[in-house]
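Student: what follows is a protein structure lacking sequence information:
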């Protein structure tokens, strides 16, 4: 069945460091891909999405590109801030279901 | 506009009991999905409903059931509760413009269920 694998955390970075959180997927068909974020004490919210191969989703300085050839959707940010500390979830949607990865917790130190 | 709302916020039950969780989607959203999130894990898909019909179902036992009402609100029912059902139950709604269920989902705050 469909699945999402993302890098285990926690990831600890200093402010202004470069961030990469890896995400790979297996799916039949052509799913849409998402990154969701859960800030401390808040609910899940969409960070960015891509609906077809080679699409790039971006928001708040974060980017991810839908790579069909490598079945990946890695999340990147050039310069993280303390306020980016959160849990990040990679997800795929297709066939009337959404599959989430296990989540990666990010800590950013000042 | 109000976001997705869920009730109750917290719930404590004992093994073998039954529970009903409720969800009201964002106004205009016709699709509702339910997820179970165990502490430290990602949300696990349970059901997706659209226009009162079940369109997708995850790998959960028949003790889990749901329905969607004409106003698009939804209920999740769990029978014969087990300790392992303790989790945060999330509801999400989406516009669903015929995209095969791949529209952006907007999540509610969840219902925290504890089974003793």
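Tutor: Now that the structure is in, tell me what you want to look at. Bear in mind that the values here come from a model prediction, so they are computed numbers and not experimental data.

Student: report the helix or strand with the lowest average pLDDT across the chain.
Tutor: Here I'm looking at chain A. The helix or strand of chain A with the lowest confidence, counting by mean pLDDT, DSSP states H and E, is strand A:97-100 at a mean of 90.

Student: actually, chain B is the one I wanted.
Tutor: strand B:53-57 (a mean of 90).

Student: that one vs chain A: in contact?
Tutor: Yes: if you take CB under 8 Å from any CB of the partner chain as the test, strand B:53-57 does meet chain A, through B:55, B:56, B:57. In short, each C-beta sits where N, CA and C put it, glycine included.

Student: include neighbour count when you put these into JSON lines, please.
Tutor: As requested, the residues of strand B:53-57 next to chain A are arranged in JSON lines below (neighbours: other CB atoms under 10 Å in any protein chain shown):
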{"residue": "B:55", "neighbour count": "17"}
{"residue": "B:56", "neighbour count": "19"}
{"residue": "B:57", "neighbour count": "15"}
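
Student: any idea which of the residues you listed is closest to chain A?
Tutor: In terms of CB to the nearest CB, no member of the residues of strand B:53-57 next to chain A lies closer to chain A than residue B:56, at 3.4 Å.

Student: need the contact list for that closest one.
Tutor: Taking CB atoms under 8 Å, 6 or more residues apart in numbering or on different chains, we find residue B:56 in contact with A:95, A:96, A:97, B:33, B:45, B:47, B:48, B:101.

Student: which parts of chain A sit against chain B?
Tutor: By CB under 8 Å from any CB, the residues of chain A that approach chain B are A:4, A:31-32, A:34, A:36, A:43-46, A:49, A:51, A:89, A:91, A:93-103.

Student: go again with 6 Å.
Tutor: Within chain A, the positions near chain B by CB under 6 Å from any CB of the partner chain are A:32, A:43-44, A:46, A:89, A:93-94, A:96-98, A:100-103.

Student: now distance to residue A:20 and neighbour count too, for those, in TSV please.
Tutor: Compiled in TSV, the residues of chain A next to chain B are given as follows (distance: CB to CB, whole Å; neighbours: other CB atoms under 10 Å in any protein chain shown):
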residue	distance to residue A:20	neighbour count
A:32	21	22
A:43	25	18
A:44	21	25
A:46	20	16
A:89	16	25
A:93	23	29
A:94	25	20
A:96	31	20
A:97	27	20
A:98	23	28
A:100	19	22
A:101	15	26
A:102	17	16
A:103	16	22
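
Student: am I right that residue A:79 falls within a strand?
Tutor: No: inclusion of residue A:79 in a strand is not indicated when DSSP: H, G, I helix; E, B strand; the rest coil is applied; the result is coil.

Student: phi, psi of the closest residue to it other than its chain neighbours?
Tutor: Closest residue in space to residue A:79, ignoring its immediate chain neighbours: residue A:16 at 4.7 Å, by CB to CB, 6 or more residues apart in numbering or on different chains. Here the main-chain torsion angles of residue A:16 (degrees, to the nearest 10) amount to phi 80, psi 0.

Student: off-centre distance for the least confident helix or strand of chain A?
Tutor: Remark: strand A:97-100 is offset 13 Å from the chain centroid, using CA atoms, centre = their mean, to the nearest Å.

Student: which SSE is immediately downstream of it?
Tutor: Reading on from strand A:97-100 to the C-terminus, the next helix or strand found by DSSP states H and E is strand A:104-109.

Student: flag every buried residue along that following strand.
Tutor: A:104, A:106, A:108 (16 or more other CB atoms under 10 Å in any protein chain shown).

Student: how about TSV for those residues, with pLDDT and distance to residue A:56 added?
Tutor: Formatted as TSV, those follow (pLDDT from 0 to 100; distance: CB to CB, whole Å):
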residue	pLDDT	distance to residue A:56
A:104	97	20
A:106	97	21
A:108	97	23
